[in-house]
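Participant: quick one, structure for this:
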Amino acid sequence: MSDVQDELLRTLTKVANALRSAQIPFALTGGCAGYARGGPASEHDVDLLVREQDATEAVRVLVQRGLRAAEPPEDWLLKVYDGDSLVDLLFRPNERPVTDEVLAMAEEMPVGSVMLPVMPATFVLSSKLLVLDGHRCDFSELLPFARALREQIDWEHVREETKHSPYAEAFLVLIERLEIIGRGNGIRAVPRGKPA
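Facilitator: Purely as a prediction, here's the structure:
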């Protein structure tokens with residue numbers, strides 16, 4: 001494990017303990033959730049889902065614990081830093097509000113030295129695919145994620161959730177052509193009859 005990964009896990013533990021002490025519901029998502037589920041390690045940031053009504057209080061609690069708030073350019077998340085480690089508090093990712101029902105999808109799992117609510121791999125992959133666009137269309141992190149967690153992903157659900165995105169569709173075709181899913185194991189990302 002790299003020093004960056006160690007730092008992210010320390011930050012995650014600190015943030016999780018602070019939010020739990022304040023009784024603010026949250027769930028781990030993004031690259032760290034993928035890592036917790038057996039996927040590739042993340043070295044970017046910690047992504048947590050929180051309800052919008054809890055986001056400002058979450059920042060206040062974390063600042064009291066020594067983190068520093070940062071002004072995000074987006075209106076669907078808040079940001080805090082623990083040293084150089086970034087924590088994104090997402091309350092409306094991909095224009096979908098975080099609700100009690102969304103948070104209830106998370107499963108308690110060991111992450112580093114603590115048990116945390118971790119979002120399902122299907123949710124994480126769909127969320128990652130929905131941010132792809134003409135300016136952000138890099139599959140280099142998505143391919144190892146899909147390969148490592150393919151048995152945990154409901155591919156039909158991912159396809160349905162991302163059906164309006166040509167970038168997501170291109171990724172789903174690619175992973176079938178690379179035989180990460182489909183063909184040999186019966187899991188298909190795109191419906192039969194569509195050209196592969």
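Participant: show me how far the worst-scoring helix or strand of the chain on mean pLDDT is from its chain's centre.
Facilitator: Lowest by mean pLDDT, DSSP states H and E among the helices and strands of the chain is helix 3-21, with a mean of 91. Remark: helix 3-21 is offset 16 Å from the chain centroid, using C-alpha atoms, centre = their mean, to the nearest Å.
Participant: contacts for that helix, please.
Facilitator: 26, 28, 32, 35, 41-43, 45-46, 48, 50, 58, 61-62, 64-65, 67, 80, 82-85, 87, 111-114, 116 (C-beta atoms under 8 Å, 6 or more residues apart in numbering). Where C-beta positions appear, they are placed from N, C-alpha and C, glycine not excepted.
Participant: tell me which of those fall in helices.
Facilitator: Cys32, Tyr35, Ala58, Val61, Leu62, Gln64 (DSSP state H).
Participant: want to try TSV for the residues you listed, with distance to Asp6 as columns?
Facilitator: Putting those into TSV (distance: C-beta to C-beta, whole Å) gives the following:
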residue	distance to Asp6
Cys32	13
Tyr35	12
Ala58	24
Val61	24
Leu62	20
Gln64	24
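Participant: which pair in the residues you listed spans the largest distance?
Facilitator: Tyr35 and Gln64 (27.6 Å; C-beta to C-beta).
Participant: count of neighbours near Glu107?
Facilitator: 12 (other C-beta atoms under 10 Å).
Participant: mind listing what it touches?
Facilitator: With C-beta under 8 Å, 6+ apart, Glu107 has these contacts: Pro117, Val118, Pro120.
Participant: how close does the most centrally placed residue in the chain get to Asp84?
Facilitator: Among the residues of the chain, Gly30 comes closest to the average C-alpha position under C-alpha atoms, centre = their mean, at 1.8 Å. Distance of Gly30 to Asp84, computed by C-beta to C-beta, to the nearest Å: 17 Å.
Participant: ok, Glu179 next?
Facilitator: Separation of Glu179 from Asp84 (C-beta to C-beta): 39 Å.
Participant: Thr11 too?
Facilitator: Applying C-beta to C-beta to Thr11 and Asp84 gives a distance of 9 Å.
Participant: these two: who's more crowded?
Facilitator: The residue with more neighbours, out of Thr11 and Asp84, is Thr11; 22 against 9, by other C-beta under 10 Å.
Participant: fine, thanks again, bye for now.
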